[in-house]
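A.B. asks: Quick check, what structure comes out for this input:
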Amino acid sequence: MEPERQLVHYAQDLARAYSASEQAQEEGIDALLYLLELRYPESRGHGPRVAYWLARLNEALNAPLPAKAVRQAGRLHDVGLLASTTPDVRVAAPIGAEFLRRIEIFRAFAPWVEFHQHPFSPELPLGARMLAVADAFDFNVGLLGRHVAGARRALAEQAGSRLDPDLVVTFLGLPLEELFEALMLEQA
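C.D. replies: Numbering: from 1, shown residues only. This is a model prediction of the structure:
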């Protein structure tokens, strides 16, 4: 076989292996979310929605975080609830982070998960501060069932104490009503 054809076959084999690895990661995340939603049915769809809001915030900030890590962190941010003896997310977050640290592909965003429930501090990782905003917004509209306007007020009230005030300003500058409608249509 000529060298060029060998290289093409090698590249095709690598592409197939990479695709299979990506699919296995997504299936693993889906399986964890399935278990989480069985344990906490009221949380159905929360992880994917947080990933959606986190991605919108990341885009608004000109993507300081890797898109894949954003998607996975948003989906897996409550994974610690599977092992926690209490539904308190502040207790579950460090458990989830420790779980994520044990898997190489998730290790980079484990600190985001660990610290996203902490009160605001500029020293917290940017990913944790961003995740906190996305999680708080979805908690308000997704789990509490508030209208977007009510969720906006809740985030504004938490700016500076629970949430990074600069990130809240950026997030609230997004067309949240339109994005929320698009998300609901996508999930329907």
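
A.B. asks: separation between Leu100 and Arg56?
C.D. replies: 22 Å (C-beta to C-beta, to the nearest Å). For the C-beta atoms, the positions are set from N, CA and C on the backbone; glycine is no exception.

A.B. asks: So between the two, which is more surrounded?
C.D. replies: Ranked by neighbour count (other C-beta atoms under 10 Å), Leu100 and Arg56 place Leu100 first, with 24 against 20.

A.B. asks: Verify the stated contact: that one with Trp112.
C.D. replies: No - the pair Leu100 / Trp112 is not scored as a contact, 9.1 Å apart, by C-beta atoms under 8 Å.

A.B. asks: check contacts around Pro165.
C.D. replies: 120, 159 (C-beta atoms under 8 Å, 6 or more residues apart in numbering).

A.B. asks: same thing with His77?
C.D. replies: 47, 50, 93, 96, 112-113, 116, 131, 135.

A.B. asks: pLDDT for those - can I get that in TSV?
C.D. replies: Shown next, in TSV, are the contacts of His77 (pLDDT from 0 to 100):
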residue	pLDDT
Gly47	97
Val50	98
Ala93	98
Gly96	98
Trp112	98
Val113	98
His116	98
Leu131	98
Asp135	98
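
A.B. asks: Just the buried ones from those?
C.D. replies: Listed as buried from the contacts of His77 are 47, 50, 93, 96, 112-113, 116, 131, 135; burial here means 16 or more other C-beta atoms under 10 Å.

A.B. asks: In helices, which of those residues fall?
C.D. replies: Cross-referencing the buried ones among the contacts of His77 against helices under DSSP state H gives 47, 50, 93, 96, 112-113, 131, 135.

A.B. asks: For the lengthiest helix in the chain, give the mean pLDDT please.
C.D. replies: Ranked by residue count, the top helix of the chain under DSSP H comes out as helix 3-39. Regarding helix 3-39, the rounded mean pLDDT is 91.
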